[in-house]
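Trainee: sequence and predicted model, in that order:
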Protein chains: 2
Amino acid sequence: MSRQHWDEFYATNSPPTNYEDSQKQIKLFCEKHHHNNQRIVLVTSGGTTVPLEHNTVRFVDNFSGGVRGAASTEYFLKCGYAVIFLHRFKSVEPFTRHFGGQKFLEMLDIDKNEQGTSITVKPEYIKELAPILVSYKTAHKEGRLLCVNFTTLSDYFWLLRAACESLTVFGSNAMLYLAAAVSDFFIPPNQMSTHKISSDAAPSIHLQLVPKLLTPIVSDWLPNAFVVSFKLETDQNILISKARGALTKYKHKLVIGNMLHTRRTAVIFVKPDSSEEVKITPEQAANGVDLEDSIVTKVIAEHSLFIEQEG
Amino acid sequence: MSRQHWDEFYATNSPPTNYEDSQKQIKLFCEKHHHNNQRIVLVTSGGTTVPLEHNTVRFVDNFSGGVRGAASTEYFLKCGYAVIFLHRFKSVEPFTRHFGGQKFLEMLDIDKNEQGTSITVKPEYIKELAPILVSYKTAHKEGRLLCVNFTTLSDYFWLLRAACESLTVFGSNAMLYLAAAVSDFFIPPNQMSTHKISSDAAPSIHLQLVPKLLTPIVSDWLPNAFVVSFKLETDQNILISKARGALTKYKHKLVIGNMLHTRRTAVIFVKPDSSEEVKITPEQAANGVDLEDSIVTKVIAEHSLFIEQEG
């Protein structure tokens, strides 16, 4: 894949409608936190869509609820990082991820009396909610969390490049934690149907390979940053070789490998010359222990080592 | 499309893992509400996925946030219907749809003192939250809302058939309000890759036509129910002809047509011999007026007329 490939991608795929706003927010956030030795991480999260039509009714999507990115963001915040959370629109978000479905309304009691109406959280939910609410309020009070969203592959490309531009000043204090499930395939705009594909006949969809952004990130955009990518496979036999192949090809420092069916309890840290499993027991997972707590702790240790070596 | 088509679909696509539980819940819900002239509606909502791999990392999806179904459910409940809300897992749900993203945590205040910790809703949010919370509590207290979820096209097929089986006893008091965005195309299991498709080469995806469930629903499963289907298009010129084509083909009573880019403010009720627009102004939409309030009012009037004629 050559430079021409991603240059062509940007030339033929328009930026998202929220592009200028998001770019400005990212820039201001980075300027605000660029002092002393403040560390910063860009967490990408959720799957990208690949539209099949310009007026998009149908699209190819990548499996990802966004739990890895959302949970990791909480632990990075806890450890003092500033976090840009670049996530798929409507994927799970840090803090609120704990209260899906109808749970939030279920937690509330309403009381109407002469003084007016008050709404309170039922006592039995306070123990669970209080620490999450305190962490949420702390992160927001200190302005250490910026949420930016994408939907399509193209949105993701534009916003990721904008983030890299603003992160350069952080040098080795910046980390990219690329947990988003980015499509490997897409349909170029000039080969896309304008309107909803008719359902009168069965279509064939011809996909093209997406240029890999790790190449320009590592070699051009953020050569001094600590870059962590993720690799998801369904076949255990190829996971480590695929992860190591990525390290050789893109020359970054760390790939975190995971299997589709065990991703909540085990990952493997793959470096050019070693690999190491990080896991929790199914019992721990059932009791609410997040694997991301261990992952982030270990990633931060690697980041510290990297900063030391670079400095 | 012949009977053989959907029989073959069920024979070759397995039921979802939650199938037996969901089937039992639907059955009990229907038995509980089958008394006097209680009306019941099955609202389907959100898009179905079409997996590209058995160990699914990638899938084709249909655009739908699920707002139409979730909002309509609230208005059906308000009008006294019992509602089975058959929705895409993690699509928006009735009542909680008003509090997306981080809004729910933003609304809360925490207070720690000698008596312990209490969490309350900030006064400025009470006016908005109170009526929604009251409606939510009323619906749940009366047990008039059952939420069942699907992810894939196949899940949807199995659960929709199970719901139809339990709804037959309601005769013309049952309504199907088919707002889900169901895929027109799929890949049969025997033509699907087992593992994640390799990203070494650009693939072509060959899709097949999905059998239309409206045919067995209207002719076999629920011949006495009031069936409403939806039609979404991106090309205004074909909307009414497509909607009328569906009425001729499936012989149900009403298609609600909508355009992708104006679906929040306008729909068109298409019947065999007439069509009528239902709309709100952009100002009303911006002020929180739901188009679904008007849609559901009109659909219920049509249902009443239908019951009268059938009786």
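Mentor: Sure thing, it's come through.

Trainee: residue contacts, residue A:81?
Mentor: Applying C-beta atoms under 8 Å, 6 or more residues apart in numbering or on different chains to residue A:81 gives the contacts A:39, A:40, A:41, A:144, A:175, A:300. C-beta here means a position set from N, CA and C on the backbone, and glycine is covered the same way.

Trainee: what bridges to residue A:204?
Mentor: Beta-bridge partners recorded for residue A:204 (DSSP bridges): residue B:206.

Trainee: count the neighbours of it for me.
Mentor: For residue A:204, the neighbour count with other C-beta atoms under 10 Å in any protein chain shown is 8.

Trainee: tell me the pLDDT at it?
Mentor: What the model reports for residue A:204 is a pLDDT of 89.

Trainee: my read: residue A:51 touches residue A:152, true?
Mentor: Yes: using C-beta atoms under 8 Å, residue A:51 is in contact with residue A:152, at 6.1 Å.

Trainee: now the common contact residues for the two.
Mentor: The overlap between the contact sets of residue A:51 and residue A:152 (C-beta under 8 Å, 6+ apart) consists of residue A:59.

Trainee: count of residues packed around residue A:147?
Mentor: Around residue A:147 there are 16 other residues, counting by other C-beta under 10 Å.

Trainee: just to check, it is in contact with residue A:159?
Mentor: No: using C-beta under 8 Å, residue A:147 is not in contact with residue A:159; the gap is 11.7 Å.

Trainee: following the host helix or strand of residue A:249, which helix or strand comes up?
Mentor: With elements taken from DSSP states H and E, the one containing residue A:249 is helix A:236-250. Using DSSP H and E, the helix or strand that follows helix A:236-250 in sequence is strand A:254-259.

Trainee: pLDDT of that following strand, averaged?
Mentor: Mean pLDDT, computed over strand A:254-259, is 96.

Trainee: so after that strand, what's the next helix or strand?
Mentor: Strand A:254-259 is succeeded, C-terminally, by strand A:266-271 (DSSP H and E).

Trainee: give me the sheet partners of that next one and which way each runs.
Mentor: With DSSP bridges as the test, strand A:266-271 is paired with strand A:254-259 (antiparallel), strand A:274-279 (antiparallel).

Trainee: what residues does it touch?
Mentor: Contacts for strand A:266-271 (C-beta under 8 Å, 6+ apart): A:231, A:239-240, A:243-244, A:247, A:253-259, A:275-280, A:291, A:295, A:298, A:302.

Trainee: hmm, try it at 6 Å
Mentor: Contact with strand A:266-271 is made by A:243, A:254, A:255, A:256, A:257, A:258, A:275, A:276, A:277, A:278, A:279, as judged by C-beta atoms under 6 Å, 6 or more residues apart in numbering or on different chains.

Trainee: CA atoms of that strand as PDB?
Mentor: Taking Å, rounded to 0.1, in the frame of the first residue of the first chain, the C-alpha atoms of strand A:266-271 are listed here in PDB:
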ATOM      1  CA  ALA A 266      -8.300 -12.900  27.700                       C
ATOM      2  CA  VAL A 267      -6.100 -11.000  25.400                       C
ATOM      3  CA  ILE A 268      -2.500 -11.500  24.300                       C
ATOM      4  CA  PHE A 269       0.200  -8.700  24.200                       C
ATOM      5  CA  VAL A 270       2.300  -9.400  21.200                       C
ATOM      6  CA  LYS A 271       5.600  -7.500  20.800                       C
END
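
Trainee: in that strand, what counts as buried?
Mentor: Across strand A:266-271, burial judged by 16 or more other C-beta atoms under 10 Å in any protein chain shown covers A:267, A:268, A:269, A:270.

Trainee: and if you look at stretch A:288-303?
Mentor: Across stretch A:288-303, burial judged by 16+ other C-beta under 10 Å covers A:290, A:291, A:292, A:293, A:294, A:295, A:296, A:298, A:299, A:300, A:302, A:303.

Trainee: for residue A:199, helix, strand, or coil?
Mentor: Secondary structure state of residue A:199, per DSSP: H, G, I helix; E, B strand; the rest coil, is coil.

Trainee: the residue lying closest to it once chain neighbours are set aside - how many residues pack around it?
Mentor: Excluding the flanking residues, the one nearest residue A:199 by C-beta to C-beta, 6 or more residues apart in numbering or on different chains is residue B:184, at 3.5 Å. Residue B:184 has 22 neighbouring residues, counting by other C-beta under 10 Å.

Trainee: got it, and residue A:113?
Mentor: Using other C-beta under 10 Å, residue A:113 is surrounded by 7 other residues.

Trainee: give the bridge partners for it, please.
Mentor: As for beta bridges, residue A:113 partners with residue A:116 under DSSP bridges.

Trainee: and it, how close does it get to residue B:134?
Mentor: Residue A:113 is 15 Å from residue B:134, where distance means C-beta to C-beta, to the nearest Å.

Trainee: residue A:57 too?
Mentor: Distance, residue A:57 to residue B:134, using C-beta to C-beta: 36 Å.

Trainee: do residue A:38 as well
Mentor: 46 Å.

Trainee: for residue A:245, same thing?
Mentor: Noted for residue A:245: a distance of 57 Å to residue B:134, by C-beta to C-beta.

Trainee: same question, residue A:175
Mentor: 46 Å.

Trainee: higher neighbour count, these two?
Mentor: Of the pair residue A:175 and residue B:134, residue A:175 is the one with more neighbours under other C-beta under 10 Å, namely 28 against 13.

Trainee: helix, strand or coil for the more buried one?
Mentor: For residue A:175, the secondary-structure state derived from three-state DSSP is strand.

Trainee: for it, what are its contacts?
Mentor: Taking C-beta under 6 Å, 6+ apart as the contact definition, residue A:175 lies against A:41, A:226, A:303.

Trainee: distance check, it against chain B.
Mentor: 23 Å (C-beta to the nearest C-beta, to the nearest Å).

Trainee: what does stretch A:288-308 contact?
Mentor: By C-beta under 6 Å, 6+ apart, the surrounding residues in contact with stretch A:288-308 are A:71, A:72, A:75, A:76, A:79, A:172, A:175, A:226, A:278, A:280.

Trainee: verify the stated contact: residue A:55 with residue B:236.
Mentor: No: at 11.1 Å, residue A:55 and residue B:236 do not qualify as touching, with contact defined as C-beta atoms under 6 Å.

Trainee: out of those two, which sits in the busier spot?
Mentor: Using other C-beta under 10 Å as the criterion, residue A:55 and residue B:236 rank with residue A:55 on top: 17 against 11.

Trainee: in a strand, the more buried one, correct?
Mentor: No: membership of residue A:55 in a strand is not supported by three-state DSSP, which gives coil.

Trainee: once you drop chain neighbours, what's closest to it?
Mentor: residue B:234 is the one closest to residue A:55 (C-beta to C-beta, 6+ apart), at 3.6 Å.

Trainee: can you list the low-confidence ranges for chain A?
Mentor: Scanning chain A for pLDDT under 70 picks out A:1-3.

Trainee: show me what from it comes close to chain B.
Mentor: Listed as neighbours of chain B in chain A under the rule C-beta under 6 Å from any C-beta of the partner chain: A:55-63, A:95-96, A:102, A:104-105, A:108, A:110, A:117, A:119-121, A:126, A:130, A:133, A:136, A:184, A:195-196, A:199, A:202-209, A:234-235, A:260.
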